[in-house]
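Engineer: Pasted the sequence and its predicted model underneath.
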Amino acid sequence: MCARAAARGPEIATTAFLRADRGGRVFLDPTRAGGATLVAAYSPRARPGLPVSFPLAWDDLDAVSPSDFTVTTAARLLGDTDPWRSLRPPAAALPEVLVEEGRAIPVPRVQAMHEGKRRKRARERP
């Protein structure tokens, strides 16, 4: 999905693993699938104040700060509601053509590793 999103908006997004190759674009990390760790909603962060990830509507972003959502405030803010229920889109199946396209995309981390080694060798040559 990351590679497809980057292909549809190459002026704003990239899957370039090496920071020097991103050109100021948003990095979409396709290696965050499979065995990688993802942070779930309401997960505490290892930061001062113990903030938690918290779902918000786009319209609410300007009125809040990450420090508003902590391990001590999240339960009270939620009350008896589940913001994810109203914010998330309905489930949808991926068309088979997208699944096949995804299987054909090389793993970016492997590409970056080889490119990094190539650049290092080029720098070390006299």
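Structural biologist: On my side now, so go ahead.
Engineer: CA atoms for contacts and neighbours, from now on please.
Structural biologist: Fine.
Engineer: Kindly provide the distance from R119 to S53.
Structural biologist: Distance, R119 to S53, by CA to CA, to the nearest Å: 38 Å.
Engineer: Could you check which of the two is surrounded by more residues?
Structural biologist: Just comparing R119 and S53: by other CA atoms under 10 Å the higher neighbour count belongs to S53, 18 against 11.
Engineer: how about the more buried one, what does it touch?
Structural biologist: Contact analysis of S53 by CA atoms under 8 Å, 6 or more residues apart in numbering lists 39-45, 69.
Engineer: Select from these every entry located in strands.
Structural biologist: Here DSSP state E is the test, and the contacts of S53 give no hits in strands at all.
Engineer: any idea where the strands of this structure begin and end?
Structural biologist: Counting by DSSP E, the segments of the chain that form strands are 13-14, 26-27.
Engineer: for the first one, packing partners?
Structural biologist: Helices and strands touching strand 13-14, as assessed by 3 or more CA pairs under 8 Å, 6 or more residues apart in numbering; DSSP states H and E, comprise helix 2-8, strand 26-27.
Engineer: Throw those into JSON lines and include distance to A57, thanks.
Structural biologist: Output for the helices and strands packed on strand 13-14, formatted as JSON lines (distance: least, CA to CA, whole Å):
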{"stretch": "helix 2-8", "distance to A57": "22"}
{"stretch": "strand 26-27", "distance to A57": "21"}
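Engineer: Need the contact partners of the lowest-mean-pLDDT helix or strand in the chain.
Structural biologist: For the chain, using mean pLDDT, DSSP states H and E, the weakest element among its helices and strands is helix 83-87, scoring a mean of 75. Taking CA under 8 Å, 6+ apart as the criterion, the residues outside helix 83-87 that touch it are 55-57.
Engineer: If you rank the residues you listed by neighbours, which is first?
Structural biologist: Ranked by neighbour count under the definition other CA under 10 Å, the contacts of helix 83-87 are headed by P55 with 14 neighbours.
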